[in-house]
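Student: What would the 3D arrangement of this be:
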Amino acid sequence: MAQRIEDHALIGDCYTAALVTRDGEVDWACLPRFDSASTFAALLGDEHDGNWTLRPTDGSATAERHQDGDTLVLSTVWTTATGTVEVTDFMPIGAHRASIVRRVRGLQGSVEVEQTLRIRFGYGKVLPWIRQVGDDDEPTLVGTAGPDSVVVRGPRFTADDHRHIATTTITDGDVLDTVLTWYPSHREPPEPFDVDAALRHTLDWWTDWTSRARAEGRYADAVRRSLMYLRAMTNAETGGVVAAATTSLPEDPGGERNWDYRYVWLRDASLALASLIAHGYRDEATHWRSWLLRAIAGDPGDVQIMYGVAGERELPERSLDHLAGYAHSTPVRVGNGAYTQYQGDVFGEVLAALHDARELGVEESADSWSLQRALLGQVEQQWQQPDNGIWEMRGPRRHFTHSRAMIWAAFDRGVAACEEFGLEGPVERWRTLRDAVRAEIEEHGWNAERNSYRQHYDTDEVDASLLVLPQIGYCKPDDPRMTGTVAAIEQDLRVGDDGLLLRYRTTAGFDGLTGTEHPFLACSFWLVEQYAGSGRLEDAERLMDVLVGYANDVGMLSEEVDVATGHHIGNTPQALSHLTLVTAADAIGRAHGAAVGHRTRVAQRSGGTRPSSGRSGRAGRPA
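Tutor: Next comes the predicted model:
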């Protein structure tokens, strides 16, 4: 049976990641990239789909784990009747190949530990040819199938029914390293590396990175941890930020709401960028902007809502019918059909994030402004079109109020770029279009009877995405229209004793899917930000404490939470959950008068205030 989602901890090398359970199992790892086929996929099936366990043979052993400071180095201390050992799991930063290191160190007494290794390429479907190539002094396994190979160095493993087992007795002071490294099968196995040096470098790298985060106040630890996870999901080579490290962890356990989030949504990546640069990470902003320039190069009419880690455009969706699915949730999907959708809000997210970078001093290049001009030109051509919305509805396209507001934001940032930074563009035309979008929203997106904005122009339903309107400067948080919208959202979308928010009411909607879903963490963080901005600071802190409390023991958040059980739901760690945690904490800090996050001038924009940051969005769901 798969482990609970919240029982996992992430280790990663900023190219890919692996999940490690509380009881010492690596049950998810895609090597060498986030979107590669898995080497360990027990998370979506069972042990026969690939896993790597390391634990004492004493069935009564207990474990306590923690991350080594603000790093992705995981330490688990196992206590048995005969002694104590520490297991250190990490993926080396700066290694030439994707590697998983599992170090066992004896702390006291004597402990027998057992490793069981089941290597399965191709999402558990491909059983590799595994052979012993080392001698008694340097036992080595090599597993190969198709384009993939791994080399495993450490104790001697013995074959046993399509798995390999190694049993070792560890005494006080002993150190046992097991290193698994992926490499292309057409090449020779890479040479071993110095594990001590790799561990020191990885600890130093993460410690240095997280120490540069500008975070203060009661939520500073949660902010630093969230920024760390955002960095972990940013590919060090390409700059692409994936929405999560996993695929097909369900929004509705046992149902069909299972999506592959190992890709780069322009929306999520833009928002992650805004969170990182607001806390001092300008290099990441420049790197991501370079990724964006490459990914959408060409005809602006071909811009997609999402891409592969290196900017790949074809992300065809298919089902892996051989996998049972997490909690028997099928289909298990790889690829994501949402890449073919049109979502008008994406343009606003990208242009707003790039404007944030400008305001924070990230130097504008000729190419980057040309890109933004081209994007605005595309928005000019299609701004009146309906879309699939932020939640990627499967039903007919509609005029979603959130999407229309983000179109407004796109033109607004174009106007601000010219007026405030002296960049060249048809500012009068953009201003006219901005005002036309606002007039349309106020006429068709406003429900006077409910004193609330609508989910889309053809319904009286509300949607949690409406909480973004003041964040992008469309209106003030305490504007009567916004407070009326908040009241409607509280009435329709809050669930549980703590009042966490659904995205929308699936029973009243038209998303084209069976089943329901749980409260969406990002939406509740948006509500925290709204409360803080509209003078409801006590409500903001109460809800923030609840949300931060849902993080697991290493600070990870998934997409949703089951309020009845406290269990995490959906893909993990979810970039959107973590970046909205950051912006919510910043909003609380600003309400207390602290200089946190991105706090620059607030300019009047067509009847609303346009804050420079604190914006939030959403990784979408597939078509």
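Student: In terms of helices and strands, where is residue 101?
Tutor: For residue 101, the host element (DSSP states H and E) is strand 99-118.
Student: Mind checking the pLDDT average for that strand?
Tutor: Averaging pLDDT along strand 99-118 gives 98.
Student: which helices and strands does it pack with?
Tutor: Secondary structure elements in contact with strand 99-118, counted by 3 or more Cβ pairs under 8 Å, 6 or more residues apart in numbering; DSSP states H and E, are strand 51-56, strand 74-79, strand 83-90, strand 164-171, strand 175-184, helix 195-211. The C-beta positions use only the backbone N, C-alpha and C, and glycine is treated the same way.
Student: Quick one: work out the angle between the helix or strand just after the last one and helix 195-211.
Tutor: I take that to be helix 195-211. Next along the chain after helix 195-211, taking DSSP H and E as the criterion, comes helix 220-232. Helix 220-232 runs at 120 degrees relative to helix 195-211, counting by axes from the mean of the first three to the mean of the last three Cα atoms, to 10 degrees.
Student: Pull out the buried residues from helix 220-232.
Tutor: 222, 223, 224, 225, 226, 227, 228, 229, 230, 231, 232 (16 or more other Cβ atoms under 10 Å).
Student: Got phi/psi on residue 551?
Tutor: phi -60, psi 150 (degrees, to the nearest 10).
Student: What is the neighbour count of it?
Tutor: Residues near residue 551, counting by other Cβ atoms under 10 Å, number 21.
Student: which ones are touching it?
Tutor: 222, 225, 557 (Cβ atoms under 8 Å, 6 or more residues apart in numbering).
Student: out of those, who's nearest residue 56?
Tutor: residue 225 (28.7 Å; Cβ to Cβ).
Student: what number of residues lie near the closest residue to the closest one other than its chain neighbours?
Tutor: Closest residue to residue 225 apart from its sequence neighbours, by Cβ to Cβ, 6 or more residues apart in numbering: residue 555 at 3.6 Å. When counting by other Cβ under 10 Å, one arrives at 21 neighbours for residue 555.
Student: if we can go back for a sec, most packed of the helices and strands packed on strand 99-118?
Tutor: strand 51-56 (a mean of 24; mean count of other Cβ atoms under 10 Å).
Student: Check which element follows it along the chain.
Tutor: Taking DSSP H and E, what comes next after strand 51-56 is strand 62-67.
Student: quick one: average confidence on that next one?
Tutor: So the average pLDDT for strand 62-67 ends up being 98.
Student: Packing partners of that strand?
Tutor: Packing partners of strand 62-67 (3+ Cβ pairs under 8 Å, 6+ apart): strand 74-79.
Student: and the strand it packs on, what does it pack onto?
Tutor: Short answer (3+ Cβ pairs under 8 Å, 6+ apart): strand 74-79 packs on strand 62-67, strand 83-90, strand 99-118.
Student: Please identify the most buried of these.
Tutor: Highest mean neighbour count among the helices and strands packed on strand 74-79 (mean count of other Cβ under 10 Å): strand 83-90, a mean of 22.
Student: ok so, going back, for the contacts of residue 551, give me TSV that also has pLDDT and distance to residue 94.
Tutor: Below are the contacts of residue 551 laid out as TSV (pLDDT from 0 to 100; distance: Cβ to Cβ, whole Å):
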residue	pLDDT	distance to residue 94
222	97	27
225	97	22
557	98	27
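Student: one step back: looking at the helices and strands packed on strand 74-79, which is closest to residue 214?
Tutor: strand 62-67 (20.7 Å).
Student: Leaving out chain neighbours, which residue sits closest to residue 228?
Tutor: residue 210 (5.3 Å).
Student: That neighbour and residue 280: what is the separation?
Tutor: Counting by Cβ to Cβ, to the nearest Å, the separation of residue 210 from residue 280 is 11 Å.
Student: Run through the residues that contact the closest residue to residue 31 other than its chain neighbours.
Tutor: Among residues not flanking residue 31 along the chain, residue 182 sits closest, at 3.9 Å (Cβ to Cβ, 6+ apart). Neighbouring residues of residue 182 by Cβ under 8 Å, 6+ apart: 31, 32, 39, 97, 98, 99, 148, 149, 150.
Student: Make a markdown table out of the helices and strands packed on strand 99-118 and add distance to residue 434.
Tutor: Listed next are those as a markdown table, based on distance: least, Cβ to Cβ, whole Å:
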| stretch | distance to residue 434 |
| --- | --- |
| strand 51-56 | 53 |
| strand 74-79 | 48 |
| strand 83-90 | 49 |
| strand 164-171 | 63 |
| strand 175-184 | 49 |
| helix 195-211 | 38 |
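Student: Flag the shaky bits of the stretch 351-500 of the chain, pLDDT-wise.
Tutor: 394 (pLDDT under 70).
Student: Just the CA atoms from the longest helix anywhere in the chain would do, formatted as CSV, please.
Tutor: Secondary structure of the chain per DSSP state H: the longest helix is helix 401-421. What follows is helix 401-421, C-alpha atoms only, in CSV (Å, rounded to 0.1, in the frame of the first residue of the first chain):
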residue,chain,number,x,y,z
THR,A,401,-13.9,37.1,-14.6
HIS,A,402,-10.4,36.2,-13.3
SER,A,403,-9.1,35.7,-16.9
ARG,A,404,-10.6,39.0,-17.9
ALA,A,405,-9.0,40.8,-15.0
MET,A,406,-5.6,39.3,-15.9
ILE,A,407,-6.1,40.6,-19.5
TRP,A,408,-6.6,44.0,-17.8
ALA,A,409,-3.4,43.4,-15.8
ALA,A,410,-1.5,42.7,-19.1
PHE,A,411,-2.4,46.0,-20.6
ASP,A,412,-1.9,47.8,-17.3
ARG,A,413,1.7,46.5,-17.0
GLY,A,414,2.3,47.6,-20.6
VAL,A,415,1.1,51.1,-19.7
ALA,A,416,3.3,51.1,-16.5
ALA,A,417,6.4,50.0,-18.4
CYS,A,418,6.1,53.0,-20.7
GLU,A,419,5.0,55.6,-18.1
GLU,A,420,7.3,54.5,-15.3
PHE,A,421,10.3,53.1,-17.1
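Student: Okay, helices next: where are they in this structure?
Tutor: 195-211, 220-232, 266-278, 282-295, 345-359, 366-382, 401-421, 427-444, 480-493, 521-533, 537-549, 575-591.
Student: Between those, which one is closest to residue 302.
Tutor: helix 366-382 (9.3 Å).
Student: Same question for the closest one: list its buried residues.
Tutor: 368, 369, 371, 372, 373, 374, 375, 376, 378, 379.
Student: Out of the buried residues of helix 220-232, which is nearest to residue 479?
Tutor: Checking the buried residues of helix 220-232 one by one against residue 479 (Cβ to Cβ), the nearest turns out to be residue 223, at 27.7 Å.
Student: burial of the closest residue to the closest one other than its chain neighbours, as a residue count?
Tutor: What sits nearest to residue 223 in space, not counting adjacent residues and going by Cβ to Cβ, 6+ apart, is residue 215, at 4.1 Å. For residue 215, the neighbour count with other Cβ under 10 Å is 22.
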